[in-house]
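**Student:** Have a look; sequence and predicted model below, questions after that.
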Amino acid sequence: MKFHVLTLFPEMISGGLNLSVIGKAVENNRIALHAVDIREYSLERHRKVDDYPYGGGAGMLMQAQPIYDAHRAVTEGRNVRTIYVTPQGIPFTQTMAEELSEEEELVFLCGHYEGIDERVLEEIVTDYVSIGDYVLTGGELPAMVMIDAIARLIPGVLGNDTSMEDESFHNDLLEYPHYTRPEIWHEKGVPQVLLSGNHAKVSAWRLEQSKIRTQKRRPDLYAKYEKRQLLITQLSKDKRNHIHMMESLARGTAEVIYENQTECGVEAILYDSKNKICMSNSPGVLSESNRREAFCADAEYIVINRPVQEQDVSEEDAGSAFKDYCVLSQCKLMLYTARTSLPVKHKNIRLVSDEDIFKSEGFADRLYQAGICADGHYSSPSGGADEEFRLTIVEYLRERAGSDALYGVFMEDNLAGIIGCHRGGSLGLLYVDTPYRSLRLGASLTAFMTNHMLEKGWVPYACLPIKNVSCQERLEKQGFYKASGKIVIYRKKYLQTNPGYAKI
């Protein structure tokens with residue numbers, strides 16, 4: 001990701017951010033940081049960029065033209081998301097940081113004096129954001145705060161994704177207490193459970209401490225957490241058909257948009273803003289009047305639970321039900337509810353890198369020709385070879401590898417097969433290369449990924465096309481249960497003109 005900061009004090013930006021983790025990320029080309037001196041674009045002899053406000057009043061205002069020219073020089077006419085840091089903006093949150101981390105490029109505009117000429121703000125600014133209800137002398141510190149929070153979410157910056165999953169504000173809970181050596185300090189000891197070596201007990205203790213701390217320090221967050229847990233309990237009455245919604249709530253990736261108690265159970269709409277996925281277990285609640293609000297307008301995928309006896313949904317039906325969407329696939333949910341690990345016959349499984357995928361001659365091409373992955377989430381719009389679609393698959397695999405969510409089994413140092421976790425949370429991306437298909441590598445990869453999810457405290461589940469019976473049967477042999485109903489995945493119509501993938 002590229003960060004551009006329009007400022008009067010570029011040395012402040014580079015000096016503050018080119019240190020520690022963010023500095024290393026810049027050094028390793030994980031992110032790029034470009035501090036732009038607005039004064040360089042002044043038309044005044046002495047690089048003046050401020051003037052008196054029309055209508056009188058105290059202080060000076062930053063002029064429109066230097067800012068506009070600096071912005072044009074950075075964006076070169078591209079449509080780049082531009083953030084003006086101001087106390088008048090919407091509050092900056094972890095959710096917003098996650099959303100912004102998906103952008104390829106961001107521009108931050110730092111104000112000074114009494115503000116900036118409104119006309120240039122109207123021309124270039126897309127987001128007005130505040131880090132708190134107080135006033136600072138300039139926008140540089142807020143910009144650095146936001147860049148730090150956003151950059152650390154970019155794959156490879158921290159070098160340890162689990163640290164992001166366990167930290168403050170994950171799943172609406174504050175982080176649990178931490179302890180290090182010495183074991184006794186100022187007559188205070190480390191809690192015995194942390195010395196026990198029992199990982200299950202340690203995890204339970206940490207969760208309980210997070211809940212206690214959040215309830216005491218942030219009752220507003222704890223109320224959200226309780227609401228989320230209550231909905232999980234209600235959905236668990238039909239766990240097999242709701243596992244994707246339950247896990248999205250439990251892992252903190254989805255927010256509750258709507259819920260309603262009925263005689264038949266709870267109706268709910270969830271939204272995963274990072275991945276732009278909307279989920280509902282009841283199409284009936286999606287009336288015309290509340291649909292845009294429920295889907296947050298920018299949802300690219302909608303996942304709807306359908307009863308097993310319902311007829312297949314055509315694209316025409318989808319068009320009438322969801323104006324801007326069409327059917328992508330109809331799937332069965334399968335979940336592994338046991339808490340015991342599965343046996344892994346092949347032990348040489350590890351994280352996959354870009355280099356692993358492409359150094360094995362022809363691996364990526366054979367993977368593409370196979371339609372990628374037994375879970376069947378990928379299908380070329382043309383129904384055949386399509387170079388643009390192949391590149392889309394490659395891009396997604398690179399993103400998953402960069403997020404430490406793609407694993408491979410290696411035979412004699414060759415990548416023989418892969419498996420991973422989709423952005424939406426399901427187990428998938430399974431592919432075994434042609435020369436190795438008699439070795440039951442698929443079973444080992446599935447078992448490995450199932451165990452990996454169990455270690456994280458997740459319920460492993462897969463989302464398989466209804467017609468992919470062979471893969472469903474294979475998962476059943478490994479202890480997965482099949483849902484009685486089905487889910488229908490809709491995709492935004494404009495995406496149909498582009499090669500793409502379901503990331504559920």
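**Tutor:** On my side now, so go ahead. Numbers count the residues shown, from 1 in each chain.
**Student:** what ranges do the helices span in the stretch 1-150 of the chain?
**Tutor:** Under the criterion DSSP state H, counting those that start in this stretch, helices of the stretch 1-150 of the chain are mapped to 10-17, 20-27, 64-75, 94-100, 118-124, 140-151.
**Student:** and of those, who's closest to Ala299?
**Tutor:** Ala299 lies closest to helix 94-100 among those, at 13.1 Å (Cβ to Cβ). Where you see a C-beta, it was placed from the backbone N, CA and C, and this is true even at glycine.
**Student:** on contacts alone, who are the packing partners of that closest one?
**Tutor:** When contacts are defined as 3 or more Cβ pairs under 8 Å, 6 or more residues apart in numbering; DSSP states H and E, helix 94-100 packs onto strand 81-91, helix 140-151.
**Student:** quick revisit: and the helices of the stretch 1-150 of the chain: which comes nearest Phe480?
**Tutor:** Phe480 sits nearest to helix 94-100 of all the helices of the stretch 1-150 of the chain, at 29.7 Å, using Cβ to Cβ.
**Student:** Would you mark the buried spots in the closest one?
**Tutor:** Residues Met96, Ala97, Glu98, Leu100 are the ones in helix 94-100 that count as buried (16 or more other Cβ atoms under 10 Å).
**Student:** What is the nearest of the residues you listed to Lys345?
**Tutor:** Proximity of the buried residues of helix 94-100 to Lys345 (Cβ to Cβ) peaks at Glu98, which lies at 37.2 Å.
**Student:** does the nearest residue to the closest one once chain neighbours are set aside sit in a helix, a strand or a coil?
**Tutor:** What sits nearest to Glu98 in space, not counting adjacent residues and going by Cβ to Cβ, 6 or more residues apart in numbering, is Lys274, at 5.0 Å. At Lys274 the chain is in coil, as set by DSSP: H, G, I helix; E, B strand; the rest coil.
**Student:** The spatially most central residue of the chain and Ala97, how far apart?
**Tutor:** Most central in the chain under Cα atoms, centre = their mean is Lys274, positioned 4.4 Å from the mean C-alpha point. Remark: distance between Lys274 and Ala97 (Cβ to Cβ, to the nearest Å) = 10 Å.
**Student:** The closest residue to Asp148 other than its chain neighbours: how many residues sit nearby?
**Tutor:** Distances taken as Cβ to Cβ, 6+ apart place Ile22 nearest to Asp148, at 6.0 Å, with adjacent residues excluded. By the measure other Cβ atoms under 10 Å, the count of residues near Ile22 is 21.
**Student:** Please tell me how far the longest helix seen in the chain is from the chain's geometric centre.
**Tutor:** Identified as the longest helix of the chain according to DSSP state H is helix 199-217. Helix 199-217 sits 24 Å away from the centroid of its parent chain (Cα atoms, centre = their mean, to the nearest Å).
**Student:** hmm, who's touching it?
**Tutor:** 166, 172-177, 191, 193-194, 196, 221-222, 225, 457 (Cβ atoms under 8 Å, 6 or more residues apart in numbering).
**Student:** let's go with 10 Å and repeat that
**Tutor:** With contact meaning Cβ atoms under 10 Å, 6 or more residues apart in numbering, helix 199-217 is reached by 166, 168-178, 191-196, 198, 220-226, 229, 339, 455-457.
**Student:** Give me the buried subset of these.
**Tutor:** Buried among the contacts of helix 199-217 by 16+ other Cβ under 10 Å: 166, 169, 171-174, 176, 193-194, 221-222, 224-225.
**Student:** What is the distance between the helix or strand that contains Ile243 and the centre of its chain?
**Tutor:** In this assignment (DSSP states H and E), Ile243 forms part of helix 239-250. In terms of Cα atoms, centre = their mean, the centre of helix 239-250 is set 17 Å apart from its chain centre.
**Student:** After it, which helix or strand is next? Please name it.
**Tutor:** strand 255-262.
**Student:** Can you spell out which helices and strands pack onto that next one?
**Tutor:** Strand 255-262 sits against helix 219-235, helix 239-250, strand 265-272, strand 277-280, helix 291-294, with contacts defined as 3 or more Cβ pairs under 10 Å, 6 or more residues apart in numbering; DSSP states H and E.
**Student:** what angle do the third one and strand 255-262 make?
**Tutor:** Orientation of strand 265-272 against strand 255-262 (axes from the mean of the first three to the mean of the last three Cα atoms, to 10 degrees) gives an angle of 170 degrees.
**Student:** Could I get the buried residue list for strand 265-272?
**Tutor:** Here strand 265-272 shows Val266, Glu267, Ala268, Ile269, Leu270, Tyr271, Asp272 as buried, counting by 16+ other Cβ under 10 Å.
**Student:** show me the contacts for the last one.
**Tutor:** Looking back up the chat, that one is Asp272. Counted by Cβ under 10 Å, 6+ apart, Asp272 has contacts 248, 251, 253-255, 278-279, 296, 299, 301, 303, 423-425, 503-504.
**Student:** Could you single out the nearest of the residues you listed to Asp51?
**Tutor:** Cys296 (40.7 Å).
**Student:** quick one: His186 and Tyr176, what's the gap?
**Tutor:** His186 is 21 Å from Tyr176, by Cβ to Cβ.
**Student:** nope, Pro155 is what I was after
**Tutor:** Here Pro155 is placed at a distance of 25 Å from Tyr176 (Cβ to Cβ).
**Student:** next one: Ile90
**Tutor:** Distance from Ile90 to Tyr176, by Cβ to Cβ: 29 Å.
**Student:** same question, Asn414
**Tutor:** Distance, Asn414 to Tyr176, by Cβ to Cβ: 42 Å.
**Student:** Then Val266?
**Tutor:** Separation of Val266 from Tyr176 (Cβ to Cβ) stands at 30 Å.
**Student:** cool, Glu76 as well?
**Tutor:** Distance of Glu76 to Tyr176, computed by Cβ to Cβ: 46 Å.
**Student:** what's the answer for Arg251, then?
**Tutor:** Applying Cβ to Cβ to Arg251 and Tyr176 gives a distance of 17 Å.
**Student:** Show the average pLDDT along stretch 84-91.
**Tutor:** When pLDDT is averaged over stretch 84-91, the result is 95.
**Student:** Kindly format the C-alpha coordinates of that stretch as CSV.
**Tutor:** This file holds the C-alpha atoms of stretch 84-91, laid out as CSV (Å, rounded to 0.1, in the frame of the first residue of the first chain):
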residue,chain,number,x,y,z
TYR,A,84,-8.9,15.0,5.7
VAL,A,85,-8.0,14.7,9.3
THR,A,86,-10.3,17.0,11.3
PRO,A,87,-12.1,17.2,14.6
GLN,A,88,-15.3,17.5,12.5
GLY,A,89,-14.9,14.1,11.0
ILE,A,90,-16.3,10.7,11.9
PRO,A,91,-14.5,8.9,14.7
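**Student:** Quick check: which ranges of the stretch 51-200 of the chain have low pLDDT?
**Tutor:** The model of the stretch 51-200 of the chain has pLDDT under 70 over residues 159-170.
**Student:** if we can go back for a sec, figure out which of the helices of the stretch 1-150 of the chain is closest to Ser403.
**Tutor:** Nearest of the helices of the stretch 1-150 of the chain (Cβ to Cβ): helix 94-100, 12.5 Å.
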